[in-house]
Structure formats: C-alpha cells, structure tokens
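Enquirer: predicted model follows, preceded by the sequence.
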Amino acid sequence: MKSANCGLTAGENGASEADHLLAESPWEWWRSQMPIADKWAYFDHAAVGPLSGPAAAAMRRFADEASELGDTVWPSWAARTEQLRDQAAILLRADPSEICLVPNTTTGINLVAEGWPWQRGDSVVIPEGEFPSNLFPWQNQQSRGVELRIVPRRGGEVHVADLIDHVDETTRLIAVSWVGYASGYRVDLDSLVEQAHCRGVMVFLDAIQGLGIYPLDLTRTPVDFLAADGHKWLLGPEGAGVAMIAQRHLDSLRCGNVGWNSVKNSYNYAEPTFDLRSSAARFESGSANMAGAAALSASLELFLKVRQCHGESAIEDRILELVAQLEGALRAAGAVPRSVSSLQNRSGILTFEVPGVEPADVRRRALAEQVVVSCRGGGVRASVHAYNNPDDLTRLVDVVRSCR
C-alpha cells in the first residue's frame, strides 16, 4: 500500500513518471532499475547480487570524474562516502557516529574479534554452520585463551534457547548470522538480544544476508556490533560495506589498524597528533573506496525510497510473498523445498532438492535457460529479491520440470 509519505497522486504536476511508478507499482519501478532483469531470472543474491542501474551509473560517473577532473572534485567524492554513512544509519536507526565504512563483512567482524580486550578464560558462543567469516575470527582468539562454543543447530535452525543455554559467567559475546546463508533461517533477534543482555552478554550480528531487506531498529533491538557487505542483497559492488559499533562500546575496542584517517585532525599532516576520532570512523584508517561508496550509496537509495513510500516492512513482505509462491510451485513441480516452519524465521533464501538430480546439474540446466541459482548445503539455493516477479519464478519452476 502506498504511504502518505510518497505524496504523489496520478497526474500530479511536477512529479516524474518514475515517481508515479514508485508510488503506484514499486516492484515494477525497482525492476526498471535492474538491467539484469532484461535477460536473466536472477536468484543468486545470497552469493553476489547484480549491480543496480544506479550503482553502475555511479561507478561510471566516478571513473569519468577521476579520469577527466582528477582530485579537483575530491570534496564531492568525500561527501558521497558520508552520504553512505548517513544512509546506513537511517536503515538501522543508528547514529551516524556508530557507522564505520568497511571493505567487507569479514573486516567488520575482525574489528571486534581482534579489538575486544579478551581475558584468558573468556568465551564466545556461535551456532554451528556459520559462514567461515563468522567462524575463523573467533577461532583465532583461542590462542589468547578464549573458548569458542559452537552450538548445534536443530534441522538447520538456530534456536535462541540453545545459544543461551551455552552462556555462562565467562561468556562475553554471542556472534550469529541474521540469516543462515544455506538454510535461509532468520534468527529471532529481539529474543536473542533481550536474553543475552539480561545476562550481560553482547551480540554481534553478521547482517550480510538481511541488511536492507528486514527492518532493524537499533533503538528497539540494541545489537552491540554489526557488519554487512553491500554486494549481495544491497545490490552494490564488492569491496564496499558497513559496520556498526554501538557508541557504548567504542572505547572498549582497541583500534589496531590505525592511520592518518583514524584521528580527529586527520588533515594535519605536518604536525600529526594521535588523538583518535570519537566515532566509529576511527577504524577507517586510510583512503576510502570512493567508487564503491558512491555505488553502494546509489543502490541504498532504492531501498530507502521504497521504505519511505510504502513502509518499513514493504520489502520484507514482498520477498516473503514471492518465496511462498515459489515454494508452492516447486512442490507442484516435484521438487522438495526445505521449508522454515515459522513465518518470522523465513527469509528470501529457499533451498530445495530435485529428487534424483544433482544440485550442480540443476544449476547448469538453469544457466542454459538464463536462470541463476546456487548450490549450497547439498541443495539448490534460490535467493529471491523484491524486484523479481512471477515470470521469474515460472522460469525457475520450468527448469525444475525439465529436470524431472
């Protein structure tokens, strides 16, 4: 449903055709911003998402400016990086001072894993089956005497009660993926944060499979740390992402990778003073990925426009509706989807099997029909975005039928 915030009506003077399309048909509008949709039925956003049209245009603009104007336009490049910081803060209901621009999720995780003042005997809790980025940095702390407790999943699902059962007086942090990259199971963040904080335990969120798709209000669900790359669901380029470090923890993290940009008076090269910034930007030690930041910012604008115009949960609702349609159609075609039972734990990821057919064979058949899926967790993984449409779903289901 169109929000009053759109402020548009049919025939309104001064509103562009695109504005009207956004107000009346947001998913058609979004699809018009995705060049990939002209040819491909793309269901691989949980691996690497296609660049949105605005992101690609921003990268071309940066390249043109860099080649034709050099650093004469550097202030405008820097302004775009700050715009990205502000946009990430809006998505999370965080303060911009809590946002750190990072090249990838792994960097954001290591800011915490390497920066926290661990004591021998401390413990960290994570679920089993985490992506290596949310496993290795915590394993790396074992050499400092930190115990890593890996909690078994139940049928691919992460149960908050199981995580909490592994917490004791030594536990400093629970690190968990918002959405499982293979299972598609979305953890109950509200319950996790509430129960962890009641026990004095912090929560780190690997948000790469959920940021921008599912609402997260940090004023209501005060996650302590978060990181997400922009090259999956956010439809940005690789090498540009965001991290969030709650202001209450900023001075507890050691800033291990410092440089000219870590300090308050960062442009005073002649008389440098080691006085760290009072924000998460202290962890941005050197030159920014200006092209990547501009592209990711341009892509985030798509998300923010839809949320402003149609509500905070519009993107989530659209994706879950499409996934439900896909699940039913796959079952009818003879496939076996691995369903998540509870609606609040579902996501845009749907993994399925085609009996008697190897997942790699399904993927090859799909690519031949210009349909893109992945093989994960012993099945075929389809990751559905808001700009996908029923025709895309039909193309994937037709591939499955052709494999039978």
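Expert: Sure, I can see it. What you see is a predicted model; the values in this text were computed from it and never measured.

Enquirer: ranges for the helices of this structure?
Expert: Per DSSP state H, the chain carries helices over the ranges 17-24, 26-32, 53-68, 74-92, 105-115, 136-139, 160-165, 189-198, 290-310, 314-332, 359-368, 390-403.

Enquirer: reformat the ones you listed as TSV; add mean pLDDT, distance to R282 and mean neighbour count.
Expert: C-betas here are computed from N, CA, C, even on glycine. Putting these into TSV (pLDDT from 0 to 100; distance: least, CB to CB, whole Å; neighbours: other CB atoms under 10 Å) gives the following:
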stretch	mean pLDDT	distance to R282	mean neighbour count
helix 17-24	91	37	17
helix 26-32	98	36	19
helix 53-68	98	25	16
helix 74-92	97	13	18
helix 105-115	98	10	22
helix 136-139	98	19	18
helix 160-165	98	30	17
helix 189-198	98	25	17
helix 290-310	97	17	23
helix 314-332	98	32	19
helix 359-368	98	43	16
helix 390-403	97	43	18
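
Enquirer: adding distance to V242, write the ones you listed out as a markdown table.
Expert: As requested, the helices of the chain are exported to a markdown table (distance: least, CB to CB, whole Å):
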| stretch | distance to V242 |
| --- | --- |
| helix 17-24 | 24 |
| helix 26-32 | 21 |
| helix 53-68 | 15 |
| helix 74-92 | 4 |
| helix 105-115 | 8 |
| helix 136-139 | 17 |
| helix 160-165 | 25 |
| helix 189-198 | 17 |
| helix 290-310 | 8 |
| helix 314-332 | 17 |
| helix 359-368 | 30 |
| helix 390-403 | 28 |
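
Enquirer: for P222, which of those is the nearest?
Expert: In terms of CB to CB, the element of the helices of the chain nearest to P222 is helix 189-198, at 6.3 Å.

Enquirer: what comes into contact with that closest one?
Expert: By CB atoms under 8 Å, 6 or more residues apart in numbering, the residues outside helix 189-198 that reach it are 160, 163-164, 167, 174, 176, 178, 202-203, 205, 216, 220-223.

Enquirer: who's in contact with the residue most central in space within the chain?
Expert: Nearest to the geometric centre of the chain sits I208, at 2.9 Å (CA atoms, centre = their mean). Contacts of I208 were listed using CB under 8 Å, 6+ apart, and they are T105, S177, W178, A227, A228, D229, K232, W233, G241.

Enquirer: the second one - nearest residue in space that isn't next to it in sequence?
Expert: If I follow you right, that is S177. Closest residue in space to S177, ignoring its immediate chain neighbours: D206 at 4.4 Å, by CB to CB, 6 or more residues apart in numbering.

Enquirer: do I have it right that that neighbour meets A175?
Expert: Yes. Judged on CB atoms under 8 Å, D206 makes contact with A175 at a distance of 7.1 Å.

Enquirer: longest strand in this protein, by number of residues?
Expert: strand 171-177 (DSSP state E).

Enquirer: so what's the gap between it and the chain middle?
Expert: Chain-centre distance of strand 171-177: 18 Å, with CA atoms, centre = their mean, to the nearest Å.
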